[in-house]
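Visitor: Dropping a prediction and its sequence here:
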Amino acid sequence: MIAGFIALDSEGMILNTNARARNMLRIPTGQMEGRSVFDAIPDLAGSRGEAVLREAVELRANRKFELFSPSLYNWFEVVAAPAEPAETYVFIRDVTDRERSIHSEAMREALRRILGDAPIAITITTGSDHRIDLMNNAAQALVGGRNLEGLTMKAALPDLNDQFFEIIDTVFETGEPKTLSNLQVTYDREGTGELYTGQFDVTYQPMFDAAGTVTGIVSTSVEKTQNLAAEGR
């Protein structure tokens, strides 16, 4: 059975479980049977799911709910159904990947709204190949208004010299931020094949996951080309 399975008596005591349920809930064999389901499932007690499951057991009714377990940092979809003679069958499915994807996308859109009109160019890349995950309006303006999200930095800006890629590779590998002033960059600004040379103040800030591993880079850029030209530099 793909889903976790728990059989309950009329009082919500666990009669039987399958290996899938024990693995998902990280409870060793033999430590679920004979316990109240409301105590056995991590973080069920005190949650909305507890009230729904109690109703399913007491009314012998079909019920469905989702449960987030902070201690396991997992999301579960739980379905309860009455069974004969006076039991309730509970089926549990791990939906963590789906929920994390939904939450990540929501966070990404919120971040886009916050950074969209920031006065400096902000680009977020992910992975060791530096795939562009987000470009705000100011960053897009530096490439002729093009949205290059989804491309790697090398695919998006193939004219950049190797020094640029060495810098961001080092930030990703070491987790150490890097700030450069008056960095001279030559690239196809408008996507027409004509090269443009500008000077920028840039900062590369690594992003970390919960385990402390670098997952990407936030880069900020401020163009100084016109200011430096006016100063004769």
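Guide: All right, it came through fine.
Visitor: So which residues of this structure form helices?
Guide: 19-25, 37-40, 48-59, 96-115, 137-141, 153-156, 162-174, 225-230 (DSSP state H).
Visitor: Adding mean pLDDT and mean neighbour count, write those helices out as TSV.
Guide: Backbone N, C-alpha and C define where each C-beta goes, glycine included. Below are the helices of the chain laid out as TSV (pLDDT from 0 to 100; neighbours: other Cβ atoms under 10 Å):
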stretch	mean pLDDT	mean neighbour count
helix 19-25	92	17
helix 37-40	93	19
helix 48-59	95	17
helix 96-115	70	12
helix 137-141	92	18
helix 153-156	94	17
helix 162-174	93	15
helix 225-230	58	12
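Visitor: got a markdown table for those helices, with distance to residue 188 too?
Guide: Shown next, in a markdown table, are these (distance: least, Cβ to Cβ, whole Å):
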| stretch | distance to residue 188 |
| --- | --- |
| helix 19-25 | 51 |
| helix 37-40 | 61 |
| helix 48-59 | 54 |
| helix 96-115 | 24 |
| helix 137-141 | 14 |
| helix 153-156 | 10 |
| helix 162-174 | 14 |
| helix 225-230 | 16 |
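Visitor: Those helices: which one's closest to residue 124?
Guide: When the helices of the chain are compared for distance to residue 124 using Cβ to Cβ, the nearest one is helix 96-115, at 7.9 Å.
Visitor: how about the helices of the chain, which one is nearest residue 83?
Guide: Closest approach to residue 83 among those (Cβ to Cβ): helix 48-59, 11.2 Å.
Visitor: list the helices and strands the closest one packs on?
Guide: In this structure, helix 48-59 packs against helix 37-40, strand 63-69, strand 74-83, strand 87-94, with contacts taken as 3 or more Cβ pairs under 8 Å, 6 or more residues apart in numbering; DSSP states H and E.
Visitor: returning to what we had before: can you tell me which of the helices of the chain is nearest to residue 216?
Guide: Closest approach to residue 216 among the helices of the chain is made by helix 162-174 (7.8 Å; Cβ to Cβ).
Visitor: then that closest one to PDB, C-alphas only?
Guide: Provided in PDB are the C-alpha atoms of helix 162-174 (Å, rounded to 0.1, in the frame of the first residue of the first chain):
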ATOM      1  CA  ASP A 162      35.700  34.400 -17.800                       C
ATOM      2  CA  GLN A 163      36.600  36.600 -14.900                       C
ATOM      3  CA  PHE A 164      33.000  37.300 -14.200                       C
ATOM      4  CA  PHE A 165      32.100  33.600 -14.000                       C
ATOM      5  CA  GLU A 166      35.200  32.800 -11.900                       C
ATOM      6  CA  ILE A 167      33.900  35.400  -9.300                       C
ATOM      7  CA  ILE A 168      30.400  33.900  -9.000                       C
ATOM      8  CA  ASP A 169      31.800  30.400  -9.000                       C
ATOM      9  CA  THR A 170      34.000  31.300  -6.100                       C
ATOM     10  CA  VAL A 171      31.100  32.900  -4.100                       C
ATOM     11  CA  PHE A 172      29.000  29.800  -4.700                       C
ATOM     12  CA  GLU A 173      31.800  27.400  -3.700                       C
ATOM     13  CA  THR A 174      33.100  29.200  -0.600                       C
END
